[in-house]
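Asks: need a structure here:
(one chain, ligands or ions: 1)
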Amino acid sequence: MRMYDVIMKKRNGGELSKEEICFFVNGYTVGEIPDYQVSALMMAIYFRGMTEKETYELTMAMAHSGDILDLSRIQGIKVDKHSTGGVGDKTSLALTPMVAACGIPVAKMSGRGLGHTGGTIDKLESFPGFSTSLSTEQFIENINRIGIAIMGQTADLAPADKKLYALRDVTATVDNMSLIASSIMSKKLAAGADAIVLDVKTGSGAFMKKKEDALALAEEMVKIGKNAGRKTIAVISDMDQPLGYAVGNALEVREAIDTLRNEGPEDFVELCLTLGSQMLIAGGKAEDQVNARKMLLEVLENGRALDKLAEFISAQGGDGEVVYHPELLPQASIQKEIAAPSDGYIGHIECDEVGICSLILGGGRETKESEIDLAVGIVLNKKVGDKVSKGETLAILHGNDAKKVAEAEKRYLNACTIVKIPVEKEPMIKKIIGM
Ligand code: URA
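Replies: The predicted model follows:
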């Protein structure tokens, strides 16, 4: 088989066979097919698209390009959760202890932030000493002992996706539905859980800005999961403004702790209850949503979810006491209030711009090698639909560098639109697929 023929077939609109897909995925993973030929193929796929069968075969080839985690030594139905990424998305920090406290074994593979979106591992590192560098043995042992463990993506897990994603990132071929769906699902399938709950974000802070695109991506991923024999559910949720109020690593940890103390923001609690319900149902712990929500609310009210977070942080080398003393989390030296320039209602918050403000303050990486400042970020005071008076605080910037704070303030004011007429709040949950 020749790579040239595979590229030409796709360029001319043909459907690639399983053998052709495995040929290029395996050849690229081991370095036998060069970047320039795979770049040409990615561009041909970008313009010609992939059929459902091709997308499935690409997912499976990438999932099997490295190790598949064997979680059979963990008792019970293992449920994984994945978000397509957003701003202020601290969901895993609160949701995983909630679900674990209800008896679902949580075996989670998480990533770091890149671009305007944050990552769970960076946020968890706000707990002094915490580490996600676990061996598979430790990972399984922790889940069997305390019901929850989170590790980083290892080099051996779906290596084809790692290489392909880096190539797509620099060849303008990221935003293709089949390529995104296969990229996400290959990692989830390789991570070994029995059931997968996907949080597909839509809006100005999401990868899929339009609702129709988020819906199509969700449907594609649910089909792949089902064909691979994994129960897969997708929740399409709002990312047209930051989730909750806090954006930035330690600030988001604090909001997640507040949520586990049953004092969380309404939109964030609603998302956790919806995703958590799907996880409890998929994991066989609840028959329906009413029951599942009751169980989740109970572990918030009786403090078991908060204790589970402390237990999990300690088990991975972190200081679990910080969960009960969040004032010990990293704190920025500057806190600058942003005043509203006029009276009215918050009409729109350009969500990815808020993520960029956090990046400017030092809370995210410009490149994969950048050091991040865990203390910095933004805490919103007003969200879409809220009434505001001139001079009132729109948000508070947390920074360690006055120049960066001034730049972020300018950017935040541009991202926030104040209108004269009342604005309706968007529902957090748009749709659930695959129930
Ligand atoms: N997240 C992924 O893991 N892959 C993509 O292609 C896009 C988002």
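Asks: all contacts plus neighbour counts: C-alpha atoms, from now on.
Replies: Fine.
Asks: Excluding chain neighbours, what is closest to the residue in the stretch 101-250 of the chain positioned nearest to the ligand?
Replies: Distances between the stretch 101-250 of the chain and the ligand by CA to the nearest ligand atom are smallest at Ile180, namely 3.5 Å. Distances taken as CA to CA, 6 or more residues apart in numbering place Val174 nearest to Ile180, at 7.0 Å, with adjacent residues excluded.
Asks: Can you give me every residue that contacts the one you found?
Replies: When contacts are counted by CA atoms under 8 Å, 6 or more residues apart in numbering, Val174 touches 165, 168, 180.
Asks: So the second one belongs to a strand, correct?
Replies: No: when the secondary structure is assigned by DSSP: H, G, I helix; E, B strand; the rest coil, Arg168 falls in helix instead of a strand.
Asks: returning to that earlier point: what about the residue of the stretch 101-250 of the chain closest to the ligand, neighbour count?
Replies: 21 (other CA atoms under 10 Å).
Asks: tell me the pLDDT at it?
Replies: Per-residue confidence for Ile180 comes out at a pLDDT of 92.
Asks: other SSEs contacting the host helix or strand of it?
Replies: Counting by DSSP states H and E, the secondary-structure element that holds Ile180 is helix 177-190. Of the remaining helices and strands, those touching helix 177-190 by 3 or more CA pairs under 8 Å, 6 or more residues apart in numbering; DSSP states H and E are helix 52-63, helix 159-169, helix 211-227.
Asks: buried sites along the shortest one?
Replies: Under the neighbour-count criterion of 16 or more other CA atoms under 10 Å, helix 159-169 has 159-162, 164-165, 167-168 buried.
Asks: Serialize the residues you listed to CSV and add fields for pLDDT and distance to Thr136.
Replies: CSV is the format used below for the buried residues of helix 159-169 (pLDDT from 0 to 100; distance: CA to CA, whole Å):
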residue, pLDDT, distance to Thr136
Pro159, 93, 17
Ala160, 95, 20
Asp161, 92, 20
Lys162, 87, 19
Leu164, 92, 25
Tyr165, 87, 24
Leu167, 90, 28
Arg168, 90, 29
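Asks: domain assignment for the chain?
Replies: Domain ranges of the chain: 3-49, 79-325, 331-419, per automatic domain parsing.
Asks: most neighbours per residue, which of these?
Replies: Ranked by mean neighbour count under mean count of other CA atoms under 10 Å, the domains of the chain are led by domain 79-325, which reaches a mean of 21.
Asks: Distance across it, terminal residue to terminal residue?
Replies: Between the start and the finish of domain 79-325 there is a gap of 30 Å, counting by CA to CA, to the nearest Å.
Asks: chain center to it, what's the gap?
Replies: With CA atoms, centre = their mean, to the nearest Å as the basis, the distance from the averaged C-alpha position of domain 79-325 to the chain average is 6 Å.
Asks: pLDDT weak spots in the stretch 201-350 of the chain?
Replies: Low-confidence regions of the stretch 201-350 of the chain, defined here as pLDDT under 70, do not occur.
Asks: which stretches of it form helices?
Replies: Along the stretch 201-350 of the chain, the stretches classed as helices by DSSP state H, counting those that start in this stretch are 211-227, 249-260, 266-282, 289-301, 304-315.
Asks: how about TSV for the ones you listed, with distance to Ser186 added?
Replies: What follows is these, written out as TSV (distance: least, CA to CA, whole Å):
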stretch	distance to Ser186
helix 211-227	9
helix 249-260	27
helix 266-282	20
helix 289-301	28
helix 304-315	27
